[in-house]
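A.B. asks: Provided below are the primary sequence and the corresponding predicted coordinates.
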Amino acid sequence: MEFMYEHNDETYKIEIIKDKDDFIIKLDGRTYSLMDVLERGEGLLKFQLNRRPYKCRVAASEALRHIFMDGRVYQLKRLTPREQKTAEGGKSKAGADSAASGKIQSPINGKIIRVWVEESATVSQEQDLVIIEAMKMEHRIKSPFAGAVKKIHVKEGEQVELGSILMEMEPSKPNLKQEAE
């Protein structure tokens, strides 16, 4: 099977090949061996990839796939056949990824348990921003980049739905003086 997805304004071609009980995944010329699917359920996948264990949750909202793994949220947009043709011609801009645009969205339906930051706060990449509880599990949402929190759209105790904007961030600007040295 072959799919095309967009993430952070980049288009990726993914090919999945079943090999006995394992899967071979080809992603833009790189090959990965997906061995030992440990658990698979509604929106949950535990697996080993190149002998390293992973656990991810996947939620779908129309053409978007929200993948929650290792505290990060990845949003992939599955391209339609028409968008694929455009992408293959090198002209794909089907829509910016929300994290890249600074909009941090909820990857799941759940309840806001904790908001770790305040508006105007400076955060580092991978810093905890929010904890969402869903199905008696806590999911940490981390900053995809270093920057500043512009606006927080949620508060503790509030219910959120998949795709709800949790907060807006602005990436840090590089220090040109330090880069010149």
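C.D. replies: Received, thanks.
A.B. asks: Could you chop the protein up by domain?
C.D. replies: Residue ranges for the domains of the chain, per automatic domain parsing: 2-88, 103-172.
A.B. asks: Where does the prediction get shaky in the chain?
C.D. replies: Across the chain, the ranges flagged by pLDDT under 70 are 21-22, 34-35, 84-101, 174-181.
A.B. asks: Tell me what E138 is bridged to.
C.D. replies: E138 forms beta bridges with E133, as assigned by DSSP bridges.
A.B. asks: ok, now how distant is it from T31?
C.D. replies: 34 Å (CB to CB, to the nearest Å). Just so you know, the C-beta spots here come from the backbone N, C-alpha and C atoms, and that holds for glycine as well.
A.B. asks: returning to what we had before: turn the domains of the chain into CSV, including mean neighbour count.
C.D. replies: Below are the domains of the chain laid out as CSV (neighbours: other CB atoms under 10 Å):
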stretch, mean neighbour count
domain 2-88, 14
domain 103-172, 16
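A.B. asks: Tell me where the longest strand sits in the protein.
C.D. replies: Criterion DSSP state E: the longest strand present in the chain is strand 30-41.
A.B. asks: I'd like to know which elements it is packed against.
C.D. replies: When contacts are defined as 3 or more CB pairs under 8 Å, 6 or more residues apart in numbering; DSSP states H and E, strand 30-41 packs onto strand 22-27, strand 44-49.
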